[in-house]
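Novice: Below: sequence and its predicted model.
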Amino acid sequence: MATTSEALPGITEDTLATREPLTPTQLAWRRFRRHRMAMFGLGLIILLIVYVVGGAFVFPEKFANFVNTSIKLQGPSSAHPFGTDAVGRDILARTVYGGQISLLIGLAAVSVALIVGVAIGALSGYYGGWIDGILMRFTEAMLNIPQLFLLIVAAKYLGDKIHNFELFGREFSGSVIVIIVIIGLDSWMYLARIVRSQFLSLKEQEFVTAARCTGTSNVAIMFYHILPNSVAPIIVNATLGVANAILTEAYISFLGLGVRQPTATWGNMLEDANRYLETAPWLWFFPGMMILITVLAINFVGDGLRDALDPRTMVE
Amino acid sequence: MGRYIVRRLLQAIPLLFIISAILFVLSVEMGDPLATFGGRTVIKSEDRKRLTRQLGLDQPLYVQYTVWLIGNDWMRLDLDGDGKPDVGSDGKPIYGTRKGVLRGDLGTSFTTKQPVTEMIAQRLPNTLLLMLTSEVVILIISLVIGLVSALKQYSIFDHTVTALSFIGYSMPIPLLALGLIYVFAVYFKRWGLPYFPTGGMFDPQAGPGWQQTLWHMVLPVTAISVISIAAYSRYVRGSMLEVIQQDYIRTARAKGLAERSVVFVHALKNAALPLVTVVGLDLPFLLAGAVVTETIFAWPGMGRLFYDHTTRSDFPVLMGIIMIISVAVVIFQIITDLTYTYLDPRIRYD
């Protein structure tokens, strides 16, 4: 024992004896905690969630969607701290409800992308051969189509095909679903490639051979044995994907093809802003800043996760 | 090398077919192109039927796709809708006039009745002007920033740039573009400073001219560049830091080379390698990313053409633009790979 503690400075007999070995998750959390920017990002995200959830208790949704053209385009004041929009709705209240939808779209779109990307990547990497050939050609084709163009066409194609629906006593525009699905279906390609490359290398390992010998089915090997081992890059990619989905929603909605009124999102709050550029800068400033802060926070966290989940970065 | 290029081009053919099929299905069905035909009046139902037949929209999807692909000048038309192929007044059979995409005919716009090839040819130079200028600005600035931050790692400059690049990278284009317009066009005008125009390519009073174009390009180029500079300067910094620790850099220094030639000749060329991939793959997407920027700045380019004709469901124009960009993506990928062999002679494609 004495030789070990000499060879590894910093580790005394005492710590060796008392400390349980840390699990990989604990190690990753430790590394993440050291990442100052990532912790800052995490704090920002918590604040944003408090803002969009807590804000809903302060302002009822009716107030956020209340049209009163006699007070349209008013600048920030004590009654309306963020001003009012082109039909007199309170922008502060709309950033609260818009934030809920924007964050929902970000998370849900990434979930769609995760399902498709993991499925395609897993099938491709595990089975190889002609399945891999076809799926990867398809992935490549999807990657070659400029994302925004495909989204514009798809948004127009699905447009009003889904009706408004009610959930938890609130009415949502059907276009929320449309946007979630099309963003999800247009952002799984990098995930699929990552999962495929993970599967390609992991399927040659002994534990997979062992599982196969005990008669484990292919599906079980794919999802219980290989997938948990490739979870780190998937988490990083998915986290950054949320930021991208929120930005993409903003672009489509800005062009007027995204989520329809009266449902607010940070993106469609920007839609009218172009027209009142000179007279009402608060129309684009507040929702724009909300998007910026959210995307920034998620990017910080994603960056921290990348370092934390990489076993090569050491905890000192 | 020649064989490599040929092989890559052959591989691209099925890819372009898949892309065109996906987008054709979506764009043909995405709306009613006849909705705006009568201007403000609603078109009569017999007119609608006649127009639908003339435009070939009554045909099944696979026929429409075939016509789009190889044209219909070998097909006999039935425009009067009596179920029999038409015969001209001189008794000769009537054939279609379209040649199809494979023979370079992108079709005719439903709304302007102009050939799509012509419409794109009018807009493409404007987009290219904006994009190539931005790309040059992006490359120069991000190389300088990345280089300085790598050489002065952990200096105040490096920390500031790192923080700014995170913000730049997370910036939604509308916020950036509208913010730039608000400060440099609206506020500068109010303060009596020389201000930038908010949109278009020239001042209607001054008329078109290169000075006007240049002046109108400043804000859109800035808006496009900021986000990419934020990302690219990180790549340059990262790869520069890696390269500068290599043995051959120490060798170069040890044999007494000037620091300038060590940095620019030995280090930069190797550090540029990852940047080449990113730029090569991003360039065609810059063409597409222009939709939002061109719309905000009212720049008459392809992105705006695409957007305007989406709202009118004018699918020949949309398909034309998408196919041109897809071909550009394929070509740029090949050029990227070839640039690689130049920068890193160890890579060979034989």
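Specialist: Here it is on my side, so go on. Residues are numbered from 1 along each chain as shown, chains lettered A, B, ... in the order given.
Novice: looking only at pLDDT, what's the mean for the helix or strand where residue B:181 lies?
Specialist: When elements are assigned from DSSP states H and E, residue B:181 belongs to helix B:173-181. This predicted structure assigns helix B:173-181 an average pLDDT of 89.
Novice: just checking, what packs against that helix?
Specialist: Using 3 or more Cβ pairs under 8 Å, 6 or more residues apart in numbering or on different chains; DSSP states H and E, the elements in contact with helix B:173-181 are helix A:231-254, helix A:282-309, helix B:210-244, helix B:268-296. The C-beta positions use only the backbone N, C-alpha and C, and glycine is treated the same way.
Novice: TSV for those helices, including mean neighbour count and distance to residue B:142?
Specialist: As requested, the helices and strands packed on helix B:173-181 are exported to TSV (neighbours: other Cβ atoms under 10 Å in any protein chain shown; distance: least, Cβ to Cβ, whole Å):
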stretch	mean neighbour count	distance to residue B:142
helix A:231-254	23	20
helix A:282-309	23	18
helix B:210-244	20	4
helix B:268-296	20	8
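Novice: Which of those sits closest to residue A:52?
Specialist: Ranking the helices and strands packed on helix B:173-181 by distance to residue A:52, with Cβ to Cβ as the measure, places helix A:282-309 first at 9.2 Å.
Novice: just how off-centre is that closest one within its chain?
Specialist: A distance of 11 Å separates the C-alpha centroid of helix A:282-309 from that of its chain, computed with Cα atoms, centre = their mean, to the nearest Å.
Novice: wait, does it make contact with chain B?
Specialist: Yes - Helix A:282-309 comes into contact with chain B when judged by Cβ under 8 Å from any Cβ of the partner chain, the residues involved being A:284, A:285, A:288, A:289, A:291, A:292, A:295, A:296, A:299, A:300.
Novice: For the fourth one, give me its contacts.
Specialist: Under the criterion of Cβ atoms under 8 Å, 6 or more residues apart in numbering or on different chains, the neighbours of residue A:289 are residue B:175.
Novice: what do you get for the fifth one?
Specialist: Each residue near residue A:291 by Cβ under 8 Å, 6+ apart is listed here: A:102, A:246, A:247, A:250, A:266, A:267, B:172, B:175.
Novice: Looking at these, which is nearest residue A:115?
Specialist: Distance from residue A:115 was checked for each of these by Cβ to Cβ. The minimum falls on residue A:246, at 19.0 Å.
Novice: Might one say that that closest one is in contact with residue A:103?
Specialist: Yes - taking Cβ atoms under 8 Å as the definition, residue A:246 is a contact partner of residue A:103 at 7.4 Å.
Novice: So the residue nearest in space to the middle of chain A versus residue A:217, what's the distance?
Specialist: Note on chain A: the residue nearest the mean C-alpha position is residue A:242, at 1.6 Å, using Cα atoms, centre = their mean. When distance is defined by Cβ to Cβ, to the nearest Å, residue A:242 is 33 Å away from residue A:217.
Novice: Count the residues that sit near the residue of the stretch 101-250 of chain A found nearest chain B.
Specialist: Closest approach of the stretch 101-250 of chain A to chain B (Cβ to the nearest Cβ) occurs at residue A:146, with a separation of 3.0 Å. Applying the criterion other Cβ atoms under 10 Å in any protein chain shown, we find 25 residues in the vicinity of residue A:146.
Novice: Ok, residue B:10 next?
Specialist: When neighbours are defined as other Cβ under 10 Å, residue B:10 has 9 of them.
Novice: What's the mean pLDDT across the helix or strand containing it?
Specialist: For residue B:10, the element it lies in under DSSP H and E is helix B:2-28. Averaged over helix B:2-28, pLDDT sits at 85.
Novice: now swap in stretch B:330-341 and tell me
Specialist: Averaged across stretch B:330-341, pLDDT comes to 83.
Novice: gap between that stretch and the chain center?
Specialist: Per Cα atoms, centre = their mean, the displacement of stretch B:330-341 from the mean C-alpha position of its chain is 17 Å.
Novice: List the buried residues in it.
Specialist: For stretch B:330-341, burial by neighbour count (16 or more other Cβ atoms under 10 Å in any protein chain shown) applies to B:330, B:332, B:333, B:336, B:337, B:339, B:340.
Novice: Specify the angle between the helix holding residue B:181 and helix B:210-244 in degrees.
Specialist: An angle of 120 degrees separates the directions of helix B:173-181 and helix B:210-244 when computed by axes from the mean of the first three to the mean of the last three Cα atoms, to 10 degrees.
Novice: What is the neighbour count of residue 157?
Specialist: Just so you know, I chose chain A. Residue A:157 sits with 18 neighbouring residues when counted by other Cβ under 10 Å.
Novice: You answered for a different chain; I wanted chain B.
Specialist: The number of residues packed near residue B:157 is 14, by other Cβ under 10 Å.
Novice: before we move on, what SS does it have?
Specialist: The three-state assignment at residue B:157 reads helix, by DSSP: H, G, I helix; E, B strand; the rest coil.
Novice: looking at the chain, which helix or strand does the model trust least?
Specialist: Chain wasn't specified; assuming chain A. helix A:2-7 (a mean of 48; mean pLDDT, DSSP states H and E).
Novice: please go with chain B instead
Specialist: Result, chain B / mean pLDDT, DSSP H and E: helix B:45-54, a mean of 76.
Novice: Toward the C-terminus, what is the element adjacent to that one?
Specialist: Scanning forward in sequence from helix B:45-54 by DSSP H and E, the next helix or strand is helix B:61-70.
Novice: ok, now how distant is the residue of the stretch 101-250 of chain A closest to chain B from residue B:283?
Specialist: Distance check for residue A:146 against residue B:283: by Cβ to Cβ, it reads 11 Å.
Novice: do the same with residue A:238
Specialist: Relative to residue B:283, residue A:238 is positioned 27 Å away (criterion: Cβ to Cβ).
Novice: Over to residue B:216?
Specialist: Between residue B:216 and residue B:283 the computed distance is 22 Å (Cβ to Cβ).
Novice: Count the neighbours of residue B:63 for me.
Specialist: Number of residues near residue B:63 (other Cβ under 10 Å) recorded here: 13.
Novice: any idea of the pLDDT on it?
Specialist: 80.
Novice: for residue A:298, same thing?
Specialist: The per-residue pLDDT reported for residue A:298 equals 94.
Novice: which residues does it contact?
Specialist: For residue A:298, the contact set (Cβ under 8 Å, 6+ apart) comprises A:41, A:45, A:106, A:239, A:240, A:242, A:243, A:246.
Novice: Now the residue of the stretch 51-200 of chain B found nearest chain A. Nearest residue, chain neighbours left out?
Specialist: Nearest residue of the stretch 51-200 of chain B to chain A: residue B:175, at 3.1 Å (Cβ to the nearest Cβ). Using Cβ to Cβ, 6 or more residues apart in numbering or on different chains and skipping residues adjacent in sequence, the residue nearest residue B:175 is residue A:288, 3.1 Å away.
Novice: what do you get for residue B:266?
Specialist: If the residues on either side of it in the chain are set aside, residue B:266 comes closest to residue B:252, at 4.7 Å by Cβ to Cβ, 6+ apart.
Novice: Using PDB, write down the CA coordinates of the helix or strand that the one you found is a member of.
Specialist: With secondary structure defined by DSSP H and E, residue B:252 is part of helix B:247-254. As requested, C-alpha coordinates have been extracted for helix B:247-254 and formatted as PDB (Å, rounded to 0.1, in the frame of the first residue of the first chain):
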ATOM      1  CA  ASP B 247       7.300  18.400 -33.400                       C
ATOM      2  CA  TYR B 248       7.700  19.900 -36.900                       C
ATOM      3  CA  ILE B 249       6.900  23.300 -35.500                       C
ATOM      4  CA  ARG B 250       9.600  22.900 -32.900                       C
ATOM      5  CA  THR B 251      11.900  21.700 -35.700                       C
ATOM      6  CA  ALA B 252      11.100  24.800 -37.800                       C
ATOM      7  CA  ARG B 253      11.800  27.000 -34.800                       C
ATOM      8  CA  ALA B 254      15.000  25.100 -34.000                       C
END
